[in-house]
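Asks: Here's a sequence, model it:
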Amino acid sequence: HGALRRRRRHPVGAGRCDDMERATLKDIAAKAKVSITAVSRALNGYDDIGEETRNRIIEIARELNYQPNFAARSLVTQRSGVMGLFVLGRVKGEGFSHPFSGQIITGILDELTSSEYDLMVFSATRPPAEGEPSYLDLCRRRSVEGAFFMGLRLDDPWLPSLKSSSFPIAVLDMALMGRNTHSIGIDNVAGAYDAVRHLADLGHSRIGFINGYSEAMVSHERLQGYKAALLDRGLEYDPSLVALGDFTSEGAERALRELMQCADGVTAVFCASDLMATGAMKAASDMGLAIPRDLSIVGFDDIDLASVTNPPLTTVSQPRYELGETAGRVLVDACSGLKPPSRVLLKATLVVRGTTCPPCSGR
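Replies: Below is the predicted model:
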């Protein structure tokens, strides 16, 4: 595992620090002619130190190139100032490279930065190899105060241990209940409902659905929204109109071909991710279908690619940065002894672009 680090902000300057001649609180106290306790309280912003004394201490700290020793501080406070992050891809290389993950992680980092936390990134195989330490064991070895989890699957063998974690964890896109677990996600049911209702209101009655994979909780939630919208618009749910695309472009290409060959009269398809929607668009083009005249397509996520496809993709937009920022805030609050909510759902918004229109009368 590696670590994403950033400079901490401190009231003293960040001049060059020579580890062989590291200035200490004692050095500052001797030059300022005050106690070591006074120096510590001045540098940490306590208000019981006079302004003149505080300014003198800070100026001396700058002169001596003083750099706080966080390892020593953590021994005293029993807090490491570090959070853990697990990005669990289905295959090697997936995770940070996925177009959906980047803005979420940026939101987490920005929130942690403002709260003076560092972020340590863990690598973990899935499913775990025999004898491999659990996620929580890895966290304990590195003394993290809390941990974020992205990409957890319903069949993950470590889920029971996460539910009983002794320290705070934040899980994205999975409702995980436990004393110290906090789940942050999107209202997937409502987002999928809006997508399918949009297609039904355009006049489509045979609406296919390319879902992700069965081990993802979001797949179950988006299927629920798909079914609810059909029911509300008086359309029958037909299992033959549902296929799995594994949340990949290639998987969706295969799934669309299967749908169009095996199900009659399909004029629209809702895809549970934008990557799958791009795969469906490619397959439709290869089959000689014009989008949206012959086939309307809706995605989910609103990744950057969605606005530059040809035609631009109608999709359900997730506030990815806000999702990460909210997860960061919840975990910081939990580690600070506050009582943040155990479940936070953000709203997804339908963005109508060029891949949807009423069905062609000839189909």
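
Asks: In the stretch 151-300 of the chain, mark out all the helices, start to finish.
Replies: 159-163, 188-201, 217-232, 249-262, 274-286 (DSSP state H, counting those that start in this stretch).

Asks: will you turn the ones you listed into CSV that also has distance to Asp137?
Replies: From N, CA and C alone the C-beta is placed, and that goes for glycine too. Compiled in CSV, these are given as follows (distance: least, Cβ to Cβ, whole Å):
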stretch, distance to Asp137
helix 159-163, 9
helix 188-201, 31
helix 217-232, 24
helix 249-262, 33
helix 274-286, 33
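
Asks: Turn these into a markdown table, columns for mean pLDDT.
Replies: Formatted as a markdown table, these follow (pLDDT from 0 to 100):
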| stretch | mean pLDDT |
| --- | --- |
| helix 159-163 | 93 |
| helix 188-201 | 98 |
| helix 217-232 | 98 |
| helix 249-262 | 96 |
| helix 274-286 | 97 |
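
Asks: nearest to Leu331, of those?
Replies: The stretch from these with the least distance to Leu331 (Cβ to Cβ) is helix 159-163; that distance is 13.6 Å.

Asks: In this protein, which residue is most central in space?
Replies: Centroid-nearest residue in the chain, with Cα atoms, centre = their mean: Ile104, separated by 4.2 Å.

Asks: What's the mean pLDDT across the helix or strand hosting that one?
Replies: Assigned by DSSP states H and E, Ile104 belongs to helix 101-114. The average pLDDT within helix 101-114 is 91.

Asks: Ser285 contacts Ile291, doesn't it?
Replies: Yes - with contact defined as Cβ atoms under 8 Å, Ser285 reaches Ile291; the gap is 7.4 Å.

Asks: okay, those two: which has more neighbours?
Replies: Higher neighbour count among Ser285 and Ile291: Ile291, with 21 against 13, using other Cβ atoms under 10 Å.

Asks: What is the one helix or strand Met120 maps to packed up against?
Replies: Using DSSP H and E, Met120 falls within strand 118-122. Contacts defined by 3 or more Cβ pairs under 8 Å, 6 or more residues apart in numbering; DSSP states H and E place strand 118-122 against strand 2-4, strand 82-87, helix 101-114, helix 135-141.

Asks: what's the longest one packed up against?
Replies: The elements that helix 101-114 packs onto, with contact taken as 3+ Cβ pairs under 8 Å, 6+ apart, are strand 82-87, strand 118-122, strand 146-150, helix 320-335.

Asks: Make CSV from the ones you listed and add mean pLDDT to it.
Replies: Formatted as CSV, the helices and strands packed on helix 101-114 follow (pLDDT from 0 to 100):
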stretch, mean pLDDT
strand 82-87, 93
strand 118-122, 91
strand 146-150, 95
helix 320-335, 95
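
Asks: Out of those, the one nearest Ala190 is which?
Replies: helix 320-335 (15.0 Å).

Asks: Now do the closest one against strand 118-122, angle only.
Replies: Angle, helix 320-335 to strand 118-122, by axes from the mean of the first three to the mean of the last three Cα atoms, to 10 degrees: 100 degrees.
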